[in-house]
Every structure is written in C-alpha cells, then in structure tokens.
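Colleague: starting from these lines, generate the structure:
(one chain, ligands or ions: 1)
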Amino acid sequence: MVKAIVGANWGDEGKGKITDMLAKEADIIIRFQGGANAGHTILNAYGKFALHTLPSGVFYAHTTNVIGNGVALNIPVLIEEMRSVTERNVPAPKLLVSDRAQIVMPYHILFDQYEEERLGGKSFGSTKSGIAPFYSDKYAKIGFQVSELWEEELLREKLQRVCEMKNVLLEHFYHRPLLQPEELLDTLRGYRDQIAPYVCDVSVFLDQAIKEGKQILLEGQLGTLKDPDHGIYPMVTSSSTLAAFGAIGAGIPPYEIGQIITVCKAYSSAVGAGAFVSEIFGEEAEELRRRGGDGGEFGATTGRPRRMGWFDCVASRYGCRLQGTTDVAFTVLDVLGYLDEIPVCVAYEIDGEATKEFPTTGKLDRAKPIFKTLPGWKTDIRGIRAYEDLPENCRRYIAFVEAEIGYPITMISNGPGREDIIYRKSALRS
Ligand code: GDP
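Modeller: Reported below is the predicted structural model:
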C-alpha cells in the first residue's frame with residue numbers, strides 16, 4: 001500500500017510530524033519532488049530536527065529512505081544532513097538515491113541568488129537554494145543526472161557546452177565571475193564519491209517492494225498552493241507538489257497510491273510573497289506567530305517569520321480537491337486554545353461577488369476574505385487522546401471546517417510529538 005502525505009496550502013502544515021508518526025508502521029519513505037528549499041520540523045526522542053532533503057522516516061531503524069528521481073538533489077546538503085542526524089545519536093539511516101535524480105549544481109544556487117538580487121523588491125521570495133534554475137535546466141535538457149557522474153567523457157563535454165551558455169549570462173547580464181568547466185568537473189567527481197554508496201535504480205527497488213506488499217509513504221514538500229500548475233503562479237515552487245506527481249517523482253504506477261493524506265493546519269501561515277487572502281497583521285498576527293507551531297512560526301530553512309492568517313476554507317477545499325484527498329490530517333489545533341473567538345475565512349469577495357471557488361492569480365489578488373466567527377474553547381487540549389474528550393467548541397470547529405472543505409478529517413494533531421494525535425471517525429468517509 002502506498003500512502004501520500006501532502007500539504008493543502010502554502011506548506012508548513014506539519015507534514016514532517018505526520019510522516020514521522022506514520023513512518024512507525026512504514027517500510028519505505030520517499031521524497032518525490034522539491035529540494036533543500038523547504039524544511040520539515042520534527043520533534044522526537046532524539047530531539048528537534050529540521051530536515052531539508054532527508055525523508056522524515058530517517059529516525060526509525062526499520063525504514064528505508066528514498067530520494068526519488070523527481071527531487072532536486074543537493075549532494076553536499078544531503079551528506080551534511082546525514083552527518084548531522086548521526087552526530088545526534090540517530091542510527092545511520094538506510095538511504096537510497098535514484099540514479100535518475102538530477103543534481104543541484106553550484107551555479108544553480110548562484111543564479112538563484114543573482115536573480116533575486118536583480119529583481120530586488122519584485123523577487124519571488126526564493127530561498128536561494130537553486131531550485132528554479134535547477135528545474136529550468138532539467139526541462140531545458142541541460143541538467144545532470146546522478147547516473148552521469150560515472151560518464152566522465154560525457155560530463156566533460158556537457159560541462160563545456162553548459163558553461164558556454166551560462167557564461168554569456170554571467171558576463172553580460174549579471175556581471176559576475178565566469179564558470180570554469182574543469183573546476184566543476186572536479187566538484188562533480190567529489191559528488192560522485194560522496195553519493196556512490198546510496199545510488200540505485202529506485203523504480204526497480206520500489207516495484208519489488210510493492211509486489212512484496214511493503215508499506216510505502218510518499219512525503220510531499222510544500223502544498224497545493226505552491227504547485228506550478230494549480231498554485232498561485234508565479235509565486236509557486238518549480239516542481240509539482242501534488243500527490244499525483246508522487247507516481248512520477250518516485251517511479252511507481254499512479255494506481256498504487258491508495259491513500260492521500262492531506263495535511264491542513266488549523267490556521268494559515270505562508271513564507272515568501274504571493275496572495276494570502278485570510279492574512280492577518282499587527283498584534284493579532286504576532287500573537288498567533290509567537291504561539292504557533294512548536295515554538296513559533298518561523299521558516300525551518302530561512303528562520304524568516306511566517307506570514308499568518310486564519311483558516312481559509314476556500315483555499316483548503318481547493319487544496320484538498322487537487323490533491324485527491326482521502327483523509328485530512330488537521331494539525332496544530334492546540335495552538336488556537338487561547339482565543340475567545342476564532343475567525344474562519346468561508347468565502348472570497350471578488351469584484352463585489354462572493355465565491356467559494358479558488359480563482360486564478362489575477363482575481364486572487366483582488367479577493368477579500370469573508371469571515372465567519374466561531375466560539376473558542378479556551379483550554380489547553382494537548383494530551384487529549386480521544387475525540388470525545390475534546391471540548392465541545394473544539395469539536396464544533398473541526399466539524400465546521402470539515403463541512404466547509406468537504407473532505408474527511410480523520411486525524412487531529414494536538415501537539416508536535418508523535419503521540420499527539422487523535423483519530424476520528426468521519427461521516428464523510430466513503
Ligand atoms: P512541514 O514542512 O509541513 O513539515 O511543516 P513544519 O516543519 O513547518 O511543521 C510545523 C511546525 O509545527 C513544526 O515545528 C512542528 O513541530 C509543529 N507541529 C506539527 N504538528 C503540531 C501540532 O499539532 N501542534 C503543535 N503545537 N505543533 C505542531
């Protein structure tokens with residue numbers, strides 16, 4: 001059985017915690033898209049970790065962790081992350097890297113930085129991890145596959161060709177130092193030696209694992225609204241964040257994905273620029289940011305303060321629909337325990353008309369939130385393990401959100417730890 005764990009919104013919904021929790025029963029955890037640009041924060045018996053590239057299953061000795069072909073593989077970051085977890089007493093994770101994954105080159109990171117600097121205030125809010133230049137090159141067919149690290153002649157020729165093109169831009173457009181193909185060849189030789197122990201044909205491994213009935217998790221990065229096709233283009237990431245892409249980014253048949261767990265946070269947060277209709281500001285936002293997540297809502301990769309907002313039913317319903325949600329994991333609900341009343345965005349007003357459908361970017365920029373206010377529960381719900389034991393107003397909040405988004409909330413997370421989870425039967429469960 002393959003399960004996907006994906007985000008409904010802008011990312012940071014708590015996918016890392018849900019993956020870490022479900023990994024207990026899983027054999028294989030796969031990253032299928034994105035790169036070291038976003039992070040998952042995980043709290044467990046070994047401590048608190050921010051993972052950027054490693055799958056969130058690395059904390060269990062029984063799991064195999066896979067970097068799929070769809071990932072933007074930053075080899076030095078991956079190796080450093082392996083070192084940083086083992087240094088903190090986590091047993092060395094079993095790791096496999098697809099021979100078809102492509103490599104984030106040092107110049108991808110440089111181009112990302114140069115472009116953000118050039119754009120100044122009009123930037124995309126990139127984390128400058130080289131992700132957009134990486135995927136541009138991949139689809140322009142000038143990327144470097146892991147398997148090519150063992151093809152020296154090809155590497156040498158291709159580096160010459162690619163550097164020639166890149167150097168025109170560096171010299172005449174960005175006015176920056178030029179790339180040296182020989183230097184890059186040396187870097188790639190170093191990458192080859194570092195990654196060699198992990199490289200394999202991942203799709204063959206997964207084909208066998210599926211036949212043996214192994215439990216497999218696909219771990220998504222970011223969320224629906226950052227998808228290049230269905231998100232808030234152009235303020236999106238450069239690889240698909242949808243569960244469907246799990247099949248492509250891991251190399252498995254789409255029909256094997258039997259469960260799609262979409263993670264929704266009980267309020268909203270976003271990093272970087274782009275439309276965020278239910279956003280709040282000032283004191284109200286600061287308090288939610290300070291109390292949010294586990295120790296405040298700050299980016300796991302950048303440390304940037306996250307933009308805050310109330311739960312957005314329009315965006316979440318859309319986010320769940322595009323993921324193909326079978327289950328919603330509703331997270332960070334404990335954080336809302338301080339509020340007398342909780343506003344929820346139930347519709348958008350666009351050009352004088354109310355809508356519950358998530359629009360394209362131009363209209364989205366003109367959308368204003370229509371809020372409905374629900375009563376708070378004013379208690380700390382951490383430690384509660386049964387749905388019936390939640391305060392009545394808390395259950396009402398969950399039921400209201402479920403009815404608005406139209407997908408079954410079957411898991412409720414009320415704390416950052418693995419054990420902070422409440423399973424719930426949903427009437428919407430088909
Ligand atoms: P991801 O990228 O989707 O994994 O999200 P983040 O790494 O931003 O995780 C969200 C943050 O919230 C992390 O610091 C988690 O430890 C924390 N977290 C996850 N679930 C819960 C929860 O139910 N309650 C609280 N208080 N914190 C949570």
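
Colleague: need the helix or strand of the protein with the lowest average pLDDT.
Modeller: Confidence across the helices and strands of the chain bottoms out at strand 40-44, with a mean of 78, counting by mean pLDDT, DSSP states H and E.

Colleague: what's that one packed up against?
Modeller: Other helices and strands packing on strand 40-44, by 3 or more Cβ pairs under 8 Å, 6 or more residues apart in numbering; DSSP states H and E, are helix 15-22, strand 47-51. C-betas here are computed from N, CA, C, even on glycine.

Colleague: mind exporting the last one as CSV, just the C-alpha atoms?
Modeller: Taking C-alpha atoms only, strand 47-51 is exported to CSV below (Å, rounded to 0.1, in the frame of the first residue of the first chain):
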residue,chain,number,x,y,z
GLY,A,47,15.5,15.9,19.8
LYS,A,48,14.3,18.5,17.4
PHE,A,49,15.4,18.3,13.8
ALA,A,50,14.9,20.5,10.7
LEU,A,51,15.2,18.2,7.7
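
Colleague: off-centre distance for that strand?
Modeller: The chain centroid and the centroid of strand 47-51 are separated by 15 Å under Cα atoms, centre = their mean, to the nearest Å.

Colleague: may I see the buried residues of stretch 64-72?
Modeller: Taking 16 or more other Cβ atoms under 10 Å as the basis for neighbour counts, the residues of stretch 64-72 that come out buried are Thr64, Asn65, Val66, Ile67, Gly68, Asn69, Gly70, Val71, Ala72.

Colleague: gap between the nearest residue in space to Lys265 that is not next to it in sequence and Leu22?
Modeller: Of all residues beyond its chain neighbours, the one nearest Lys265 is Glu13 (4.6 Å), with distances taken as Cβ to Cβ, 6 or more residues apart in numbering. In this structure, Glu13 and Leu22 are separated by 14 Å, where distance is defined by Cβ to Cβ, to the nearest Å.

Colleague: looking at those two, which one has more neighbours?
Modeller: Glu13 (30 against 23; other Cβ atoms under 10 Å).

Colleague: the ligand contacts on the chain?
Modeller: For the chain, the residues in contact with the ligand under the definition Cβ under 6 Å from any ligand atom are 7, 11-17, 38-41, 43, 293-294, 300, 331-332, 334-335, 413-416, 420.

Colleague: how about the strands in the stretch 201-350 of the chain?
Modeller: Ranges of strands within the stretch 201-350 of the chain are 216-223, 257-265, 268-270, 279-280, 307-309, 311-312, 327-331, 341-350, based on DSSP state E, counting those that start in this stretch.

Colleague: next, format those strands as a markdown table and append mean neighbour count and mean pLDDT.
Modeller: Formatted as a markdown table, the strands of the stretch 201-350 of the chain follow (neighbours: other Cβ atoms under 10 Å; pLDDT from 0 to 100):
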| stretch | mean neighbour count | mean pLDDT |
| --- | --- | --- |
| strand 216-223 | 28 | 96 |
| strand 257-265 | 24 | 98 |
| strand 268-270 | 26 | 95 |
| strand 279-280 | 18 | 97 |
| strand 307-309 | 23 | 96 |
| strand 311-312 | 28 | 98 |
| strand 327-331 | 26 | 98 |
| strand 341-350 | 19 | 98 |
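
Colleague: on that earlier part again, which one of the helices and strands packed on strand 40-44 has the poorest average confidence?
Modeller: In terms of average pLDDT, strand 47-51 trails the rest of these, at a mean of 85.

Colleague: got any ranges where the stretch 201-350 of the chain has weak pLDDT?
Modeller: Across the stretch 201-350 of the chain, the ranges flagged by pLDDT under 70 are 300-301.

Colleague: so what's Tyr233 up against?
Modeller: Thr361 (Cβ atoms under 8 Å, 6 or more residues apart in numbering).

Colleague: next one: the one 4 residues further on
Modeller: Neighbour list for Thr237: Gly34, Asn37, Ala38, Ile131, Gln221, Leu222, Lys226, Asp227, Pro228, Gly231 [criterion: Cβ under 8 Å, 6+ apart].
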